[in-house]
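S.K.: My questions are about this predicted structure, shown below with the sequence.
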Amino acid sequence: MLSHEQLCAYDYNCWFGNGRNAAKKLGINQSSVSRNTRNVLQIFSLRSIRGASSWCVDGPADSVELLQAERAVHQLMRLQRGSLPCRVEANYWAGPTLLQPLPEGWISGDFDLVGMEQPLRLLRDRVIDAWLGSYQPDLPGDDPELLVIDLLRMPLHLLGHRAHPLVGVQRLGPGDLAVFPSLSLPSGWFPVTESILKQQNLWTDAVRMSRYDSASWEGLCEDQITLTYGQCLSQAISKDPLAILDWDLGLLSGEALVISRDVAHTSGIQMLLAILQSRAAAVAACHADCDLVGG
């Protein structure tokens, strides 16, 4: 069995994208992270492949299965025995809203992962134990491995700079929107949302981010013509909220706890869920267009 130090260093390298960030989170030097990461790869005859913002593993199928079995054991030690810190991730608005302060016994990412592919992979690989998914209607539904527990629901709004020409204009039409660029993420990241927005002459100008950066998303609206999307929670944490345009996107956003089904019963997950449901109720009470789901 791998030691906690070995597997933790490797997992954090995968989670935070490089040894420098992993070392900072672990409070150790980068050379220790690199050494432990190499040890894990050598033990299982695997290699890591660098992606845009994270690492993924490659090698013989039986070796990958053995690594995953080790991860499953360590995950149960975190979630059931409470002897190791549990791990949670979220996006840039859900994290500050629902995970600060962090529940006792939990550590978080930097709330800067973009899209769903990376957090879902980290969750399936048991690198993280829980993810606050904010992307209804694109969250996995009847997934045999993952369980989605809804917490909040709210409408998604079309947003623009306060000086945008469409701000204050009533009864906008599709032709009004088509004149202006609107932000999008790479095709396939959010297939349902992408399809619905494209039908409205939106989702036109692709933005590529490896990690969330406000200047590369809502900051692009500073040109006073580019449109984007948001909801009450993303608006609430913004230092300079954008203006809501008079247009119904017909989309609901939401916050949900996403976990592996086979750890839903553990004390760590049950404690996190209870805290999130309590905080979700408080958030819903503060926003007229935010509804509590379940709980």
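M.R.: Cool, got the structure. If you're wondering where the values come from, they're calculated on a predicted model, not measured in any experiment. Residues are numbered from 1 along each chain as shown.
S.K.: Do you know the pLDDT at Ser3?
M.R.: We have a pLDDT of 88 for Ser3.
S.K.: and it, how many neighbours does it have?
M.R.: Ser3 has 12 neighbours, counted by other C-beta atoms under 10 Å. All C-beta spots, glycine's among them, are computed from the backbone N, C-alpha and C.
S.K.: what's the answer for Gln199, then?
M.R.: Per other C-beta under 10 Å, the neighbour tally for Gln199 reads 11.
S.K.: hey, where'd the strands end up in the stretch 101-250 of the chain?
M.R.: Per DSSP state E, counting those that start in this stretch, the stretch 101-250 of the chain carries strands over the ranges 106-108, 130-133, 146-160, 183-184, 205-206, 228-230, 243-260.
S.K.: for the protein, which helix is longest?
M.R.: helix 267-286 (DSSP state H).
S.K.: Dump stretch 23-36 to CSV, restricted to CA.
M.R.: What follows is stretch 23-36, C-alpha atoms only, in CSV (Å, rounded to 0.1, in the frame of the first residue of the first chain):
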residue,chain,number,x,y,z
ALA,A,23,3.8,21.8,-2.6
LYS,A,24,2.3,25.0,-1.4
LYS,A,25,-1.0,23.3,-0.5
LEU,A,26,0.8,20.5,1.3
GLY,A,27,3.2,22.8,3.1
ILE,A,28,6.3,20.9,1.9
ASN,A,29,9.0,21.6,-0.7
GLN,A,30,8.6,21.0,-4.4
SER,A,31,11.3,18.4,-4.5
SER,A,32,9.4,16.2,-2.1
VAL,A,33,6.3,16.4,-4.3
SER,A,34,8.4,15.5,-7.4
ARG,A,35,10.1,12.6,-5.6
ASN,A,36,6.9,11.1,-4.3
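S.K.: in it, what counts as buried?
M.R.: For stretch 23-36, burial by neighbour count (16 or more other C-beta atoms under 10 Å) applies to 23, 25-26, 28, 33-34, 36.
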